[in-house]
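> have a look; sequence and predicted model below, questions after that.
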Amino acid sequence: MPNRKSMLHYFLKRLLSLSLSLVAASIVIFLALEVVPGDPAAYMLGLNAQEDTLQALREELGLTGSIFQRYLSWAGGLLVGDFGVSYTYRTPVSEMIGDRLWVSLPLALYALTLSTLIAFPAGIWAASRRGSAADASVMGVTQLGVAIPNFWFAMLMVLVFAINLRWFSAGGFPGWDAGFFAGMKALTLPAIALALPQASILTRVMRSSLLDTLGEDFIRTARAKGLTKGQALWRHAVRNALIPVLTILGLQFSFLLAGAIIIENVFFLPGLGRLVFQSISARDLIVVESVVMLLVFAVIVVNFAVDMAYAWVDPRLRRRR
Amino acid sequence: MSVLFHSRTLLPGLFLSLVFVAAALISLVWVPYDTTVLNIANRMKLPSWEHWLGTDQFGRDILSMIMVGARTSIAVALVAVGIGMSVGVPLGLAAAARKGGWLDEVIMRANDLVFAFPSLLIAVMITAVFGASALNAIIAIGIFNIPVFARLTRGAALSLWNRDYILAARVAGKGPARISMEHILPNVANLLIVQGTIQFSLGILAEAGLSYVGLGAQPPTASWGRMLADSQTMISLAPHLALFPGLAILLTVLGLNLMGDGLRDLLDPKLRRARV
């Protein structure tokens, strides 16, 4: 049972650093998009706009005031879930993001699940047969898996499974209204494409972490007290090997979210990635700003959660800086 | 020389990588066909003696396009690794030399911050501000590389600072900057070369992804990602348009990764374990 006090102390310390990271990230994002040349109001109204109309629109969009005031009102809005109003669609950005999130988030989670389901058995299998042909072939496949561009793999899957075999549609999303299975079916090829490189990396991490653990003294002790190789592996080694694997899994979440930006484009999925590209071409920067902030927020929070889980399992980490 | 053959991955990796580097270099002086000339009558031809890898939807020779694309990919990834190393390594050395001080703290927190932005998001922001170009792709991937090298250098340098020969250098009156340059850097160089190879291959993948979604090199500059994006609507009519550029990316990245594995075995016997 972890020591409550040290856990709380560690939690508060990490929470403070999490908040600082979030503030710093929001400043970076705000400043980056603030230096964009041009006035969104002028862009929206065209060349012949009257100065008073422009001024009114600027006020409506929250573009007046000093840079500091604008940052505060933007960041303050984020805290209460108000992302501002889209320059082009004139609808609240939070609504636009909310709709798209229901595509991107299930996609990332689907891919994460697939990646775990592939990597755990493959990594354990390869490690338990170290040096065998099975091990070599798993390692060979993972070598290919990390080298293949996932959007190209996605295109090849479309060619085979959508165009030739007609098992899946080549792209698009029917919406969750069409039913859970219809939705999941549309996300299946994209999730496989996203999961492939991550599963390859995770398999390698699982394998090498397990090989490290299998060399430890407590495994020898377990074997000496009469456990079979399989029993020692499942009861002691796998559990201990999981810690580095969980860390990588947390890091992969950010790659999955970011990778989804590209994969959504291959499959024409109406997720956050498509939203970002549409917004860039429409110069709807407040939407770009908000999506980037949301993704960075997710990365920071997930890594925080992994750190906490890690510290919960391993008390030594709480004392280390 | 025999040590070169010791690793099973180094030579195949080196060979694959050199093929594409050679293709890129040759494309500077000669390509089989001019990639800027369109020849619609000759479009979407299958591989033949005239066009080894066929022609695309505008009648351009795919082999020539891949050679020019190799140039774009390699240049972008190489410069991005250069940016990452030239900024990240000094930062890592400085952080290690001043371990626990405010400089270390600032550098490491800034690193954490950059780490929270996947390279694609950095590219998205840069594109939103300055527009899409190969240069902006380089900057985005380069920025992403900085914390990778800073962390690696700091971690490796920290373990060296406790060594006796560093203590000897300090007793001899050398300052932290001089010790970092003369004693720490040479000892972390091997590690940096290996990581550089890995970041190079990641850079190739990132460049391909960025130009696929239109955030990288713009037409008429040929790039592998752009070729794949253009081939997507034609994929059912002419799959070879999508096949060859993808294979080029796969083989280049595979070659660099194998080379990285081999170099790691060669340069750092202590790390001779499964690479993750």
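Received it, and whenever you're ready, just let me know what you need.

> residues contacting A:I148?
Taking Cβ atoms under 8 Å, 6 or more residues apart in numbering or on different chains, we find A:I148 in contact with A:L196, A:P197, B:G246, B:L250, B:V253. No exception for glycine: its C-beta is placed from N, CA and C like everyone else's.

> helices or strands next to the strand or helix carrying the fourth one in the packing?
Same thing as B:L250. Using DSSP states H and E, B:L250 maps to helix B:240-267. Here helix B:240-267 is seen to pack against helix A:133-147, helix A:150-157, helix B:2-6, helix B:10-29, helix B:62-97, helix B:185-212, helix B:224-231 when contacts are counted using 3 or more Cβ pairs under 8 Å, 6 or more residues apart in numbering or on different chains; DSSP states H and E.

> what angle sits between that helix and helix B:224-231?
Helix B:240-267 runs at 160 degrees relative to helix B:224-231, counting by axes from the mean of the first three to the mean of the last three Cα atoms, to 10 degrees.

> show me what counts as buried in helix B:240-267.
Judged by neighbour count using 16 or more other Cβ atoms under 10 Å in any protein chain shown, the buried positions of helix B:240-267 are B:240-246, B:248-250, B:252-266.

> list the contacts for the residue in the stretch 51-200 of chain B positioned nearest to chain A?
Among all residues of the stretch 51-200 of chain B, B:P118 sits closest to chain A, at 3.4 Å; criterion: Cβ to the nearest Cβ. Contacts here follow Cβ under 8 Å, 6+ apart; on that basis B:P118 touches A:S254, A:F255, A:L257, A:A258, A:L295, A:V299, B:F144.

> Three-state assignment for B:E105, please.
Using DSSP: H, G, I helix; E, B strand; the rest coil, the secondary structure recorded for B:E105 is helix.

> separation between it and B:I74?
Look at B:E105 and B:I74: by Cβ to Cβ, to the nearest Å, they are 37 Å apart.

> looking at those two, which is more packed in?
When B:E105 and B:I74 are compared for neighbours, B:I74 comes out ahead with 21 against 13, by other Cβ atoms under 10 Å in any protein chain shown.

> pretty sure that one contacts B:I204?
Yes - at 7.4 Å, B:I74 and B:I204 qualify as touching, with contact defined as Cβ atoms under 8 Å.

> thinking again about what came up before, tell me which of the contacts of B:P118 is nearest to A:Q55?
For A:Q55, the nearest member of the contacts of B:P118 is A:L295. The distance, counting by Cβ to Cβ, is 33.4 Å.

> what stretches of the chain score poorly on pLDDT?
I'll assume chain A. Counting by pLDDT under 70, chain A has low-confidence residues at A:1-3, A:35-40, A:42-43, A:47, A:62, A:315-321.

> I was thinking of chain B, sorry if that wasn't clear
When residues are selected by pLDDT under 70, those of chain B lie in B:1-6, B:268-276.

> burial count for B:S48?
B:S48: 10 surrounding residues under other Cβ under 10 Å.

> which residues touch it?
Residues near B:S48 by Cβ under 8 Å, 6+ apart: B:G54.

> again, 7 Å this time
Under the criterion of Cβ atoms under 7 Å, 6 or more residues apart in numbering or on different chains, B:S48 has no neighbours.

> one step back: hey, which of the helices and strands packed on helix B:240-267 is tucked in deepest?
helix B:224-231 (a mean of 26; mean count of other Cβ atoms under 10 Å in any protein chain shown).

> now that one: how far from the chain's centre is it?
For helix B:224-231, the separation from the chain centroid amounts to 19 Å (computed by Cα atoms, centre = their mean, to the nearest Å).

> what residues does the stretch 101-250 of chain A have near chain B?
The stretch 101-250 of chain A comes close to chain B at residues A:143-144, A:146-149, A:151-152, A:155, A:158-159, A:163, A:201, A:204-205, A:207-208, A:211, as judged by Cβ under 7 Å from any Cβ of the partner chain.

> elements contacting the strand or helix carrying A:P190?
With elements delineated by DSSP H and E, A:P190 resides in helix A:180-214, which encompasses its position. Helix A:180-214 is packed against helix A:93-128, helix A:133-147, helix A:150-157, helix A:238-267, with contacts defined by 3 or more Cβ pairs under 7 Å, 6 or more residues apart in numbering or on different chains; DSSP states H and E.

> from the contact counts, what lies against the second one?
This points to helix A:133-147. helix A:93-128, helix A:180-214, helix B:240-267.

> what angle do that helix and helix A:93-128 make?
Going by the same axes, to 10 degrees, helix A:133-147 makes 150 degrees with helix A:93-128.

> same check on the shortest one?
For helix A:150-157 against helix A:93-128, the angle between stretch directions is 80 degrees (the same axes, to 10 degrees).

> how far away from the center of its chain is the helix holding B:L250?
Distance of helix B:240-267 from its chain centroid, counting by Cα atoms, centre = their mean, is 11 Å.

> rewinding a little: let me know the angle separating the helix holding A:P190 from helix A:150-157.
Relative orientation of helix A:180-214 and helix A:150-157, computed by the same axes, to 10 degrees: 130 degrees.

> any buried residues in helix A:180-214, and which?
By neighbour count with 16+ other Cβ under 10 Å, helix A:180-214 contains the buried residues A:183, A:186-214.

> got it, and stretch A:72-80?
For stretch A:72-80, the neighbour count (16+ other Cβ under 10 Å) marks A:W74, A:A75, A:G77, A:L78 as buried.

> surely the first one is in contact with A:L33?
No - the pair A:W74 and A:L33 does not pass the contact test of Cβ atoms under 7 Å, sitting 10.1 Å apart.

> what sits up against stretch B:188-199?
Taking Cβ under 7 Å, 6+ apart as the criterion, the residues outside stretch B:188-199 that touch it are B:81, B:84-85, B:89, B:145, B:148-149, B:152-153, B:156-157, B:256, B:259-260, B:263-264, B:267-268.
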